[in-house]
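Student: Got a predicted model here, sequence first, then my questions.
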Amino acid sequence: MTPMRTTGSPAPSPSPFPRRTLLAAAAAGCAAALAPSPARAAAPPVDPVKRQMRGVWIASVVNIDWPSRTGLDAVAQRAEFTRLADEALEQGFNALFVQVRPTADAFWPSPLEPWSQWLTGTQGRDPGYDPLGFMVETAHERGLAFHAWFNPYRVSMQADPSALVPGHPARVHPEWTVSYGGKLYYDPGVPAARRFCQEAMLDAVRRYDIDGVHFDDYFYPYPVAGSDFPDDETFRAYGAGHADKAAWRRHNVDLMVREMRDAVRAVRPDALFGISPFGVWRNATTDPRGSRTSAFQSYDGLHADTRGWVERGWLDYIAPQVYWHIGLPVADYGVLAPWWADAVRGTGTELWIGQAVYKSGAAGQPAPWQDGRELTRHLTLNATLPEVGGDLFFSAKDVRADRVGDFAAMRLAHWRQPVLGPLPSRLDQGPLPRRPTVEARRDAGTGEVTLRITAGTRGGKDVPFRYAVHRFPCDPGGRPRGDGSSLVAVIPGGKRAVHVERDPSGDGWYAVAAVDRAQREGRPSRPVS
């Protein structure tokens, strides 16, 4: 993530209700959404959406989020991650983006790369369990999507190859590596290095039931003042046909992105592939298609043609790190969010905005980050842009700290209504989850309704990932509203589930639909009361 440079470490509109399950309006008098509770009425109303990404980054490099420090035993590491997953669920998130290959190392028993030093403190030391397998299972048990976050080229936070574990591929193949800015990298211009990085990442994609493959903003390294990335020799060896080295570098990154997209879809067709780039593609003073900003340009500085990837359909989503406040002259959130909305319009690429919760209340940050309302202002603006399909927050420890209540205020204003996860158009097809059966028991004294849900599976297969619970003021014939206004809960799936819903009016009707891992929602159950 971009903050590493300063700290010394590191869409289309919300997908509509699937066309196959969008049914006619409910009977007269039953179509209106349930009136808001007093708690909900206390905050300004926000138009409900059916689908939205609500994601949190969990960074492992230099132990930013997890594990909190190196050397924790397996029990302590598992307990820490379980706490993070539980907190994410309580905070309203529906997806975890977890860094599992931070420095050409692995958070799983990889046959290609050593165990990560950020687990045990010693690169190559077995932590005594399979962290990635544990994390995927822990997330899925809670109905949280798990996106595996990989750093393609970074080898080490220091520049000395001899500090790597013996047998590390970067030591075996020094011709693949480049030392730059005090760090070690695989050279993106070396085809063998690119293919190796792809295979190292795809090992995890093949072996684990992940929901997505995620890259951040680190492609060619951020420039070091007075020093160009030392790839003259690589350019001479592999740059035939490219008179311009900058264009050749972008071509190399393009190959990584396109080839990984193809490979991920071939291995795991329902997994999403996306990137969280630096928030500025190019400034309008450089390129008339750019944004009205005067900031660092990822197209030129990192050789990452982020807008081009969107236009060519190479990504399921893009999550630009728009880590600036509204009104900042050089990079105004109020300028960049609409610019990115325009960039994805009509492309089929989901747009989720990367949010800098790490700046909220932090020392040295300007006034807008100190009043506890900046994130709310961001999402209020997002709500006017139908292309914005959600947000990712960097990072978990800062969400937990919430120093000035910025995240809590945003959540109250914008996350009062539960949502399903996003459903990119390419996945809105294929068989839908089977219809569950639901029994309801009402406690007249407490106003609580207990729903007992049984999956409509075939021979125990295709167990739902989540259940969407809809509530209506009277029998709707089991017809959830397409705008999400009838959705009162999204709960973890399973063969059987129990949900308790407070119903002070005493006359609510409920229908439950199964949701699969791709976020496809099936036909709702018969309504019960």
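Tutor: Cool, the structure landed. Source: prediction; values computed, not measured. Residues are numbered from 1 along each chain as shown.
Student: got a list of what Leu302 touches?
Tutor: Asp217, Tyr218, Phe219, Tyr220, Pro221, Tyr222, Val253, Pro277, Phe278 (C-beta atoms under 8 Å, 6 or more residues apart in numbering). Heads up, the C-betas are built off the backbone N, CA and C, glycines and all.
Student: Equivalent analysis for Pro277, please.
Tutor: Asp216, Asp217, Ser298, Leu302, Ala304, Thr306, Ile318, Pro320, Gln321.
Student: and the second one, which of the three is it?
Tutor: Assigned by DSSP: H, G, I helix; E, B strand; the rest coil, the conformation of Asp217 is coil.
Student: mind checking how far it is from Gln519?
Tutor: When distance is defined by C-beta to C-beta, to the nearest Å, Asp217 is 26 Å away from Gln519.
Student: Can you report how many residues neighbour Arg142?
Tutor: Using other C-beta atoms under 10 Å, Arg142 has 18 neighbouring residues.
Student: what's the closest non-adjacent residue to it?
Tutor: In space, and not counting its chain neighbours, Arg142 is closest to Leu89: 5.1 Å by C-beta to C-beta, 6 or more residues apart in numbering.
Student: Using the three-state scheme, assign the one you found.
Tutor: Using three-state DSSP, the structure places Leu89 in helix.
Student: Show me the shaky parts of the stretch 351-500 of the chain.
Tutor: Low-confidence segments of the stretch 351-500 of the chain (pLDDT under 70): 459-461, 475-482.
Student: just the strands in it please.
Tutor: Remark: strands assigned in the stretch 351-500 of the chain by DSSP state E, counting those that start in this stretch are 388-393, 437-443, 448-454, 466-472, 487-492, 496-502.
Student: chain center to the third one: distance?
Tutor: Right, the one you point to is strand 448-454. Relative to its chain's centre, strand 448-454 lies at 31 Å (C-alpha atoms, centre = their mean, to the nearest Å).
Student: Likewise for the first one?
Tutor: With C-alpha atoms, centre = their mean as the basis, strand 388-393 stands 8 Å off its chain's centre.
Student: looking at the chain, which helix or strand does the model trust least?
Tutor: The helix or strand of the chain with the lowest confidence, counting by mean pLDDT, DSSP states H and E, is helix 38-41 at a mean of 36.
Student: got any ranges where the chain has weak pLDDT?
Tutor: Flagging of the chain using pLDDT under 70 yields the residue ranges 2-46, 459-461, 475-482.
Student: remind me, longest helix of it?
Tutor: The longest helix of the chain (DSSP state H) is helix 245-267.
Student: hmm, who's touching stretch 77-93?
Tutor: Against stretch 77-93 from outside (C-beta under 8 Å, 6+ apart): 54-56, 58, 65-68, 72, 96, 119, 127, 129, 131, 134-135, 138-139, 142-144, 396, 399-400, 407, 411, 415.
Student: From those, list the buried ones, please.
Tutor: Neighbour-count burial (16 or more other C-beta atoms under 10 Å) applied to the contacts of stretch 77-93 gives 54-56, 58, 65-67, 72, 96, 119, 127, 131, 134-135, 138-139, 142-144, 396, 399-400, 407, 411, 415.
Student: Now, these that are in helices?
Tutor: Per DSSP H, the buried ones among the contacts of stretch 77-93 map to helices at Leu119, Pro131, Phe134, Met135, Thr138, Ala139, Ala396, Val399, Arg400, Phe407, Arg411.
Student: check contacts around the last one.
Tutor: Taking C-beta under 8 Å, 6+ apart as the criterion, Arg411 is in contact with Gln91, Gly92.
Student: could you pull out the strands for the stretch 201-350 of the chain?
Tutor: Using DSSP E, counting those that start in this stretch, strands in the stretch 201-350 of the chain cover 212-215, 272-275, 317-318, 350-355.
Student: highest average neighbour count across those?
Tutor: Of all the strands of the stretch 201-350 of the chain, strand 350-355 has the most neighbours on average by mean count of other C-beta atoms under 10 Å, namely a mean of 28.
Student: Export the strands of the stretch 201-350 of the chain as a markdown table, with columns for distance to Asp228.
Tutor: As requested, the strands of the stretch 201-350 of the chain are exported to a markdown table (distance: least, C-beta to C-beta, whole Å):
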| stretch | distance to Asp228 |
| --- | --- |
| strand 212-215 | 23 |
| strand 272-275 | 24 |
| strand 317-318 | 28 |
| strand 350-355 | 28 |
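Student: Can you tell me which of those is nearest to Gly508?
Tutor: Closest to Gly508 of the strands of the stretch 201-350 of the chain is strand 350-355 (C-beta to C-beta; 32.6 Å).
Student: which helices and strands sit right next to the closest one?
Tutor: If contacts are counted by 3 or more C-beta pairs under 8 Å, 6 or more residues apart in numbering; DSSP states H and E, strand 350-355 sits against strand 53-58, strand 317-318, helix 333-344, helix 374-382, strand 388-393.
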